[in-house]
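Asks: Make a model of this:
(2 chains)
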Amino acid sequence: MNFTLEIWRQDYPGDEGRYERIEATEIDAEASFLEMLDQVNERLIARGGRAVAFDSDCREGICGACSLTIDGLPHGPQQVTTCQTYMRDFEDGQTIRVEPFRNNSFPVLRDLVTDRSALDRIIEAGGFISTTTGPQPDPNSMPVNPETQQKAMDAAICIGCGACVAACPNGAAMLFTGAKVTHLNLLPQGQAERGERTRSMVRQMDEEGFGGCTNFGECSRACPQEISIDVIGMLNREYRRAVRDEKKARAKMIAQ
Amino acid sequence: MLVTDSKRARRTGLRELWDSSIGKKIAVAVSGAILVAYVVLHMLGNLNSLYGPGGGDARVDDYSHWLRDFGEPLLPHAFVLWAIRVLLLAALVIHVTAIVQLRARNRAARGGHQARRIGRTFSSATTMVTGTLLLAFVVFHIMQFTTLTIDVTPLEEGAVYANLYHAFQEWYFVLLYVAAVGALGFHLRHGVWSAFQTLGLDRPERNQQLRRGAGALAVIVVLGFILVPICFWTGVLDAPAEASAQASAVVVNR
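Replies: Numbering: from 1, shown residues only, chains lettered A, B, ... in the order given. Here you go, the predicted structure:
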């Protein structure tokens, strides 16, 4: 298969950046989008050009490192990660526009590589639980019912790729933050920092310069893990509670 | 962009809410809820005009006087009316201010790159447009029927039915009001459902009903509002008593 790529080229952070047309010829239909880029790069290097920089790691859809926006869709047309997007999903001879995840809080480092450490800092602000070291606790001392477990795991499945941020017309990171808050705040292990976690993570999210949710629901449609927008409702609920009465939340923590 | 801990510590309660994106959205949701409640009451009040001219004593005129006399003699004249007006103005100012600030924030976050549409609804994509149109319409509406400044058609204080009748004999006013109410419908369709999400009152198991409820409320409000101008324009509602008396007088003189 042959494609014409319109690829975002940017030499360094803060550089102007431009789209460059690159021909990708004789590509196997079974190649993943990243493998196609690998081939393009090999040919570029052979010609003495600079390879297109892009992020990738596990190449099996679980790490969340790959971050391309393909024809305006974060990760590509299939609602899976870019590494799981195959060239058979495109038309032969098609022009494909490839750009980095777009958000002011994700500065482009080079070409298609963005710095997504803003999401890491949100995790640092509250995406953890405090626990004591020492003897292993009795498993039965912390019962979790199957429904709670299922809900928590549905949120915990987030791989932190940032596609929700790239898809959001408001540049909000609320699906990401909501997934983390939902995951930890539902489980008994997360109760100790429940209110403080929510406030800290929201504060960090705001300080990073992310926008706010207006309930378009497009984050959920771009999420390769299909995390529901319900986690944003949960985040809003948790935040309102946490700010309204911290004291009450603390009393609840002790009870649990 | 990191803020020091000492600076953080000072932000508590309402201040923390207003400074955070979620808290500001809560302000939008609560002020929006106040405005929606008023819109529903206003729609119901308007339906009084469907009782017709009532032989010089139209029911909608009585309703208008009742609103001003409400609470008398316990409260001063038109006290409740003014209390509601102040509340509405405060809600509107908060609603618009918060939205303008959030909007600026959202635009900055995107960094000048438009996001491709992947399935947002028409009503959600147009809330800013419908909101701006509604704001302009509210100003016009108050200048027409409250302050009686825009007197293209004869307007007289206290004669609500006659004012409505004369205004809605003109096709352009009918069109304007129907269009404004249509914008309101789309605004409510997305806004009401979103307010539930912002306040965290949504639950996966009841979201379907919430969405439908917001749609139903939008339809009811739209129908309730457009019924009045449509009825006046199509002639379902008769001319006010004085006007008809004059008209019959003209006939007699002939």
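Asks: Three-state assignment for residue A:99, please.
Replies: strand (DSSP: H, G, I helix; E, B strand; the rest coil).
Asks: which ones are touching it?
Replies: A:7, A:8, A:19, A:68, A:69, A:112 (Cβ atoms under 8 Å, 6 or more residues apart in numbering or on different chains). (Each C-beta comes from the backbone N, C-alpha and C, glycine too.)
Asks: ok, now residue A:24?
Replies: Residue A:24 neighbours (Cβ under 8 Å, 6+ apart): A:2, A:3, A:4, A:5, A:36, A:39, A:40.
Asks: Generate a PyMOL selection restricted to the buried subset of the contacts of residue A:99.
Replies: Only the buried members of the contacts of residue A:99 end up in this PyMOL selection, burial being decided by 16 or more other Cβ atoms under 10 Å in any protein chain shown:
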select buried, chain A and resi 7+8+68+69+112
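Asks: can I get the contacts of residue A:24 in a markdown table with distance to residue B:53 and neighbour count?
Replies: Listed next are those as a markdown table, based on distance: Cβ to Cβ, whole Å; neighbours: other Cβ atoms under 10 Å in any protein chain shown:
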| residue | distance to residue B:53 | neighbour count |
| --- | --- | --- |
| A:2 | 76 | 11 |
| A:3 | 72 | 19 |
| A:4 | 71 | 14 |
| A:5 | 72 | 20 |
| A:36 | 75 | 21 |
| A:39 | 81 | 16 |
| A:40 | 78 | 20 |
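Asks: And the furthest pair within those residues?
Replies: The largest separation in these, counting by Cβ to Cβ, is between A:4 and A:39 at 14.6 Å.
Asks: Tell me which stretches of chain B form helices.
Replies: All helices of chain B, identified by DSSP state H, fall at B:5-10, B:13-19, B:21-46, B:59-69, B:79-110, B:122-125, B:127-145, B:160-167, B:171-198, B:207-234, B:241-253.
Asks: Residue A:14 is nearest to which of those?
Replies: Minimum separation from residue A:14 across the helices of chain B (Cβ to Cβ) falls at helix B:79-110, 16.3 Å.
Asks: can you tell me which two in the contacts of residue A:99 are farthest apart?
Replies: A:19 and A:68 (13.6 Å).
Asks: Enumerate the residues of the stretch 101-250 of chain B near chain A.
Replies: By the rule Cβ under 8 Å from any Cβ of the partner chain, the part of the stretch 101-250 of chain B lying against chain A is B:102, B:105-111, B:113-121, B:124-125, B:127, B:190, B:193-194, B:196-204, B:207.
Asks: Please produce a PyMOL select command covering the buried subset of these.
Replies: Of those, the buried ones go into a single PyMOL selection, burial set by 16+ other Cβ under 10 Å:
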select buried, chain B and resi 102+105+106+109+110+113+115+116+118+120+124+127+190+193+194+196+197+198+199+200+202+207
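Asks: residues in contact with stretch A:38-49?
Replies: Contacting residues not belonging to stretch A:38-49 are listed as A:5, A:22, A:24, A:27, A:31, A:50, A:51, A:52 [Cβ under 8 Å, 6+ apart].
Asks: Alpha carbons of that stretch, as CSV, please.
Replies: Extracted in CSV, the C-alpha atoms of stretch A:38-49 (Å, rounded to 0.1, in the frame of the first residue of the first chain):
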residue,chain,number,x,y,z
ASP,A,38,9.7,2.7,11.3
GLN,A,39,10.0,1.9,7.5
VAL,A,40,9.6,5.5,6.6
ASN,A,41,12.3,6.4,9.0
GLU,A,42,14.7,3.8,7.7
ARG,A,43,14.3,5.2,4.2
LEU,A,44,14.7,8.8,5.5
ILE,A,45,17.9,7.8,7.3
ALA,A,46,19.2,6.0,4.2
ARG,A,47,18.6,9.2,2.2
GLY,A,48,20.5,11.2,4.8
GLY,A,49,17.4,12.9,6.3
